[in-house]
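> What follows is a predicted structure for the sequence shown.
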Amino acid sequence: MRVLASAPAKIILFGEHSVVYGKPAIAAAIDLRTYVKAEFNENGRIRIEAKDIRTPGLTVSFTEDQIYFETDYGKAAEVLSYVREAINLVMEEAGKQKGITVSITSQIPVGAGLGSSAAVAVATIGAVSRLLGLELSKKEIAKLGHKVELLVQGASSGIDPTVSAVGGFLYYQKGSFESLPVVELPIVVGYTGSSGSTKELVAKVRKNYEEMPEIIEPILNSMGRLVEKAREVILAEYDKEIKFQLLGRLMNINHGLLDALGVSTKSLSDLVYASREAGALGAKITGAGGGGCMYALAPGKQTEVATAIKIAGGVPMITKISREGLRIEEVEE
Ligand SMILES: Nc1ncnc2c1ncn2[C@@H]1O[C@H](COP(=O)(O)OP(=O)(O)O)[C@@H](O)[C@H]1O
Ligand SMILES: C[C@@](O)(CCOP(=O)(O)O)CC(=O)O
Ligand SMILES: [Mg+2]
């Protein structure tokens with residue numbers, strides 16, 4: 001038997017990092033996906049084929065007639081830990097240990113703030129649970145995805161696995177969520193081309209918080225209030241122009257606060273300022289930061305902003321909200 005499942009990337013519109021401290025956040029699934037195929041194998045082992053992941057710590061040395069390969073196996077194993085934990089949790093849940101081969105292909109850049117870790121975990125849980133005959137709802141899959149992120153990263157709000165499993169546009173807080181009406185948002189995502197590790201960035205914020213709680217706590221509180229305000233604006237009956245202007249202002253404030261937490265980089269800020277100068281109403285980091293992506297809200301100016309991002313050294317992506325979260329694409333008996 002063989003199952004193919006897919007799960008989407010996301011952008012966090014408002015509230016990354018503060019969401020880890022129990023504040024609300026707003027996120028949307030986007031139309032980039034990770035595909036996971038799961039099938040039984042004969043040798044009884046768990047085999048993971050990750051086709052889009054570079055082997056970390058690979059060294060190649062040459063002599064005239066020989067090539068030597070060395071790998072840092074510790075690092076290579078770590079890179080696959082989201083997939084491994086996802087498989088383990090499903091097997092535990094199903095009370096079955098079987099030989100399974102999992103093959104992954106992905107459209108989502110890794111470590112770019114677009115939730116590749118959650119998408120790979122959710123798609124793996126979806127494919128393997130179906131293969132083992134375990135019936136899980138999307139909410140249960142989101143909860144298992146959250147567990148995977150907690151095990152690997154040490155801390156996770158759960159917003160990414162939730163939006164990846166459920167899809168659409170969500171307001172999220174402490175494990176609960178509300179679906180917001182899907183509106184067409186004229187956004188442009190800008191990728192710096194470099195990556196940041198969520199595990200490390202979350203730990204960096206935690207260190208600042210523990211060493212200077214009196215300074216960091218008000219920043220996190222401000223972020224929480226800003227998200228409440230953004231939700232009100234999204235749900236209000238204002239006309240679009242006013243809505244976008246208010247949301248843009250809130251994005252700019254959110255970016256400044258993320259910078260204050262220490263998760264921006266020069267490349268991210270370069271793309272943020274280039275977008276604003278090209279006419280975006282707002283621009284901010286999306287996801288954990290430390291590299292990765294920013295996004296801009298640019299009604300009527302998406303082409304100009306995309307060009308400005310390119311000139312500033314980034315890769316622009318025009319994306320759409322994906323209404324669909326986890327999807328079982330194919331089941332072959
Ligand atoms: N296609 C994939 N195959 C296997 N593992 C993946 C894949 N995509 C992402 N991952 C895992 O997710 C990690 C990146 O997650 P993270 O640091 O949270 O960044 P982000 O979620 O923003 O991309 C990778 O180091 C890897 O462990
Ligand atoms: C920084 C954080 O708020 C979002 C991380 O998103 P990503 O892994 O960078 O896509 C962490 C979390 O919510 O668990
Ligand atoms: Mg992640």
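That came through, no problem. Ligands and ions are numbered 1, 2, ... in the order given.
> Quick one: residues in contact with the strand or helix carrying residue 316.
In the assignment (DSSP states H and E), residue 316 maps to strand 315-317. Strand 315-317 has contacts (CB atoms under 8 Å, 6 or more residues apart in numbering) with 188-191, 193, 305-307, 309-310. Placement of C-beta: from N, CA and C, glycine included.
> Next: stretch 138-154.
Stretch 138-154 is contacted from outside by 81-82, 85-86, 89-90, 93, 117-118, 121-122, 125-126, 129, 136, 156, 158, 160-162, 164-166, 175, 198-199, 202-203, 325-326, using CB under 8 Å, 6+ apart.
> pLDDT score assigned to the closest residue to residue 167 other than its chain neighbours?
Leaving aside its chain neighbours, residue 167 sits nearest to residue 325 (3.2 Å; criterion: CB to CB, 6 or more residues apart in numbering). Model confidence at residue 325, given as pLDDT, is 98.
> so where do the helices sit in the stretch 1-150 of the chain?
Secondary structure of the stretch 1-150 of the chain, counting by DSSP state H, counting those that start in this stretch: helices at 73-79, 81-94, 116-131, 138-153.
> Buried deepest among those, which one?
helix 116-131 (a mean of 30; mean count of other CB atoms under 10 Å).
> Would you mind listing what in the stretch 51-200 of the chain touches ligand 3?
Near ligand 3, the residues belonging to the stretch 51-200 of the chain are 117, 198 when assessed by CB under 5 Å from the ion.
> What's the mean pLDDT across stretch 252-261?
When pLDDT is averaged along stretch 252-261, the result is 98.
> Ligand 1 contacts on the stretch 51-200 of the chain?
Selection of the stretch 51-200 of the chain residues close to ligand 1 by CB under 6 Å from any ligand atom yields 52-53, 79-80, 82-83, 104, 106, 110-117, 120, 197-198.
> Could you tell me which of the contacts of strand 315-317 belong to strands?
Members of the contacts of strand 315-317 lying in strands (criterion: DSSP state E): 188-191.
> Who wins on neighbours among these?
The residue in the ones in strands among the contacts of strand 315-317 with the most neighbours, by other CB atoms under 10 Å, is residue 190 (31 neighbours).
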